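1. here are the coordinates; sequence isn't available:
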């Protein structure tokens, strides 16, 4: 299933939520989460691949930190694309550079 801005999910569903094994691709950052899902959240064994070959591999628990990270990334992406779409490209670039500098 494809989502806004090129993100996509390939995997199992239950009640229109990610459930079972699946892969979620974050198109903009070339990141992905590959693993188990429960009720729309990563839950169980999985691997979260980041850029530059970084990855986190382990057990994810529903309703813990990863859920907030996952939702936070989606909200940040929507915010950046909103700014970009509305011709605020300079502000978008500055915010992206600040975040990259903070995490790297």
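-> Nice, I can see it. Note that this is a predicted model, so its numbers are computed, not measured.

2. Low-confidence regions, the chain specifically.
-> Within the chain, the ranges that satisfy pLDDT under 70 run 4, 62-72, 74-75, 78-79, 82-104.

3. show me where it has helices.
-> Along the chain, the stretches classed as helices by DSSP state H are 65-85, 89-103.

4. Pull up the gap between residue 35 and residue 24, please.
-> Separation of residue 35 from residue 24 (C-beta to C-beta, to the nearest Å): 9 Å. Where C-beta positions appear, they are placed from N, C-alpha and C, glycine not excepted.

5. And residue 14, by the same measure?
-> For residue 14, the distance to residue 24 - C-beta to C-beta - is 15 Å.

6. and what of residue 34?
-> From residue 34 to residue 24 the distance is 8 Å (C-beta to C-beta).

7. neighbour count winner among those two?
-> residue 24 (23 against 19; other C-beta atoms under 10 Å).

8. got the contact list for that one?
-> Contacts for residue 24 (C-beta atoms under 8 Å, 6 or more residues apart in numbering) come out as 7, 8, 9, 11, 18, 32, 33.

9. swap the cut-off to 7 Å and go again
-> The contact partners of residue 24, by C-beta atoms under 7 Å, 6 or more residues apart in numbering, come to 9, 32, 33.

10. By neighbour count, which of the residues you listed wins?
-> Neighbour-wise, these (other C-beta under 10 Å) top out at residue 33, 23 neighbours.

11. which residues does that one bridge with?
-> Counting by DSSP bridges, residue 33 forms beta bridges with residue 24, residue 48.

12. go on, the one 5 residues further on?
-> With DSSP bridges as the criterion, residue 38 is bridged to residue 41.

13. Residue 60: neighbouring residues, count only.
-> Residue crowding around residue 60 was assessed by other C-beta under 10 Å; the count is 23.

14. these two touch, right, it and residue 47?
-> No: with contact defined as C-beta atoms under 7 Å, residue 60 and residue 47 do not form a contacting pair (9.7 Å).

15. okay, and the common contacts of the two?
-> The contact sets of residue 60 and residue 47 overlap at residue 35 (C-beta under 7 Å, 6+ apart).

16. Done for today, thanks.
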